[in-house]
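**Q** got a predicted model here, sequence first, then my questions.
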Amino acid sequence: AQSVTQLDSQVPVFEEAPVELRCNYSSSVSVYLFWYVQYPNQGLQLLLKYLSGSTLVESINGFEAEFNKSQTSFHLRKPSVHISDTAEYFCAVTPSYNTDKLIFGTGTRLQVFP
Amino acid sequence: DAGVIQSPRHEVTEMGQEVTLRCKPISGHNSLFWYRQTMMRGLELLIYFNNNVPIDDSGMPEDRFSAKMPNASFSTLKIQPSEPRDSAVYFCASSQSTGIDIQYFGAGTRLSVL
């Protein structure tokens, strides 16, 4: 079975500072990995995903994540955050042989202060 | 497209009452997912359908919970009788296929059982 661990439940940062949200997964088979974002009072939205190919994937709003197979990690980074990035971020995994459902982590709340 | 539509947005009820949550997936999507989000347990998959057929309901907490998808454009999640521990935000999501395709989430129904 697969599992996802997001060690940081909350990450406070100042505006324009860099940020890293950590995600580690556990799986004995190859996986696909995702980051979803949930803005206040909204549903989740896909931020970026890794399926294959380049291990570095980017989103349209400046976030990037790198798939590290040896460390079983898929950390999310942004070099300079904005107030509008304040949200909850969820890492998710699905085994590549059976993509019926996503397994979500418990989420990390990113709070950006002015 | 209007996106995934959930109703009601908020529901307050008393213990023992029946609660019905509704979801209209995005037109053309053939997979539908019901999730529950709580502070303690994070985001949990309750059940998902593919082409209106329930595929995996292993996440449904107990017999008090039931879900139906009578057609491609409508699904319900029913709790009968409701209990205070059912208080949570319930999300519906849909995708064109399962897992690997982007899941589009509704805005959620915040349920409070008093």
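**A** Alright, I've got the coordinates. Numbers count the residues shown, from 1 in each chain, chains lettered A, B, ... in the order given.
**Q** wait, is B:F91 part of a strand?
**A** Yes - when DSSP: H, G, I helix; E, B strand; the rest coil is applied, B:F91 is found to be in a strand.
**Q** contact partners for it?
**A** When contacts are counted by Cβ atoms under 8 Å, 6 or more residues apart in numbering or on different chains, B:F91 touches A:G43, A:L44, B:Q6, B:W34, B:Y35, B:R36, B:Q37, B:L43, B:F105, B:G106, B:G108, B:T109. All C-beta atoms are positioned from the backbone trio N, CA, C, and that covers glycine.
**Q** interface residues of chain B facing chain A?
**A** Proximity of chain B to chain A, by Cβ under 8 Å from any Cβ of the partner chain, involves residues B:4, B:33, B:42-43, B:45, B:48, B:50, B:55-56, B:91, B:93, B:98-100, B:102-108.
**Q** okay, which residue is most central for chain A?
**A** A:W35 (3.6 Å; Cα atoms, centre = their mean).
**Q** now it, nearest residue through space, not along the chain?
**A** The shortest distance from A:W35 to any non-neighbouring residue, by Cβ to Cβ, 6 or more residues apart in numbering or on different chains, is to A:L47 (4.3 Å).
**Q** mind listing what A:S26 touches?
**A** Under the criterion of Cβ under 8 Å, 6+ apart, the contact list for A:S26 reads A:Q2, A:S3, A:V4, A:T5, A:T72.
**Q** how close does A:T86 get to A:L110?
**A** For A:T86, the distance to A:L110 equals 6 Å [Cβ to Cβ, to the nearest Å].
**Q** more neighbours: the two, which one.
**A** Set A:T86 next to A:L110 and count neighbours by other Cβ atoms under 10 Å in any protein chain shown: A:L110 wins out with 21 against 17.
**Q** show me what contacts the more buried one?
**A** A:V11, A:V13, A:V19, A:L21, A:V81, A:D85, A:T86, A:A87, A:E88, A:Y89 are the contacts of A:L110 under Cβ under 8 Å, 6+ apart.
**Q** quick one, phi psi at it?
**A** Phi and psi for A:L110, reported as degrees, to the nearest 10, are phi -90, psi 120.
**Q** tell me the pLDDT at it?
**A** Here, the pLDDT recorded for A:L110 equals 97.
**Q** repeat that for B:Q17.
**A** B:Q17 is given a pLDDT of 97.
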